[in-house]
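Chemist: The following comprises the amino acid sequence and a computationally predicted model.
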Amino acid sequence: MKRRLSTRRLSSHRAERWVHHAWVRIAASVQHHLHSQWVQWNLRRPYPLQQIEESTGDYGERLVSVYLERCGFKILEHSFNTRVGEIDLIAVWKQRQIVFVEVKTWSRNRINAGGPADAVGDDKQLKMTRTALIYLKRHGLLETPARFDVVEVTFDEKTRKPQFRHFENAFEASGQYQMYS
């Protein structure tokens, strides 16, 4: 009596699916690596110079807009104003999340002052939350995840090059309001 060896073979369809998924995993890691290299290269490029009549705050907002775009954000609005308050920048991150950005710019570092981001107090957070809800309602995006970021800009004393510190999800929605995160 001849004994049959049990060899389990993948069907051609299952084998194709397995190969496809393996390639997808490899491609995703390569894509992530290439994207991070692209972002690093982009961030090293020179930033625009300040215009003659441009205030330090407006210049900082313009620099942060360029910085965020180089990091992969898509800018939706600049200086969104309502009666309740103002949001400096509104952006989208990875086509999944709305990001409300507060920009704080200092022309020089101040001793024992903490940093520009410390200037975003409870009152400012409440105003930003209310303004963000107005924006989300106005554009039918109440079910869309959202977060609040603070980006501070300071300038190097010698080279005058901008230096950025990005605080993602810097604070939760304030007051009696609920937002998806």
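Modeler: Done, it's in.
Chemist: I figured residue 56 hits residue 105, correct?
Modeler: Yes. Using CB atoms under 8 Å, residue 56 is in contact with residue 105, at 5.5 Å. (Glycine included, C-beta is placed from N, CA and C.)
Chemist: Pick out whichever of these two has more residues nearby.
Modeler: Each of residue 56 and residue 105 has its neighbours counted (other CB atoms under 10 Å); residue 105 has more, 22 against 14.
Chemist: hang on, residue 168 packs against residue 149?
Modeler: Yes. Here residue 168 reaches residue 149: they are 5.3 Å apart, a contact under CB under 8 Å.
Chemist: These two: which has the busier surroundings?
Modeler: residue 149 (21 against 11).
Chemist: so that one is in which element?
Modeler: In the assignment (DSSP states H and E), residue 149 maps to strand 146-155.
Chemist: Packing partners of that strand?
Modeler: For strand 146-155, the packing partners by 3 or more CB pairs under 8 Å, 6 or more residues apart in numbering; DSSP states H and E come out as helix 56-71, strand 97-105, helix 122-138, strand 162-171.
Chemist: how's the protein carved up into domains?
Modeler: 9-45, 51-171 (automatic domain parsing).
Chemist: low-scoring stretches of the chain, by residue?
Modeler: Applying pLDDT under 70 to the chain flags residues 1-36, 38-39, 42, 108-117, 175-181.
Chemist: again, only using 50
Modeler: Applying pLDDT under 50 to the chain flags the ranges 112, 181.
Chemist: show me the contacts for residue 76.
Modeler: For residue 76, the contacting residues are 90-92, 98, by CB atoms under 8 Å, 6 or more residues apart in numbering.
Chemist: so what strands line up beside the host helix or strand of residue 76?
Modeler: Residue 76 belongs to strand 74-81 when assigned by DSSP H and E. With DSSP bridges as the test, strand 74-81 is paired with strand 86-93 (antiparallel).
Chemist: Return the most buried member of the domains of the chain.
Modeler: domain 51-171 (a mean of 16; mean count of other CB atoms under 10 Å).
Chemist: Next, the distance between the ends of that one.
Modeler: End-to-end distance for domain 51-171, by CA to CA, to the nearest Å: 32 Å.
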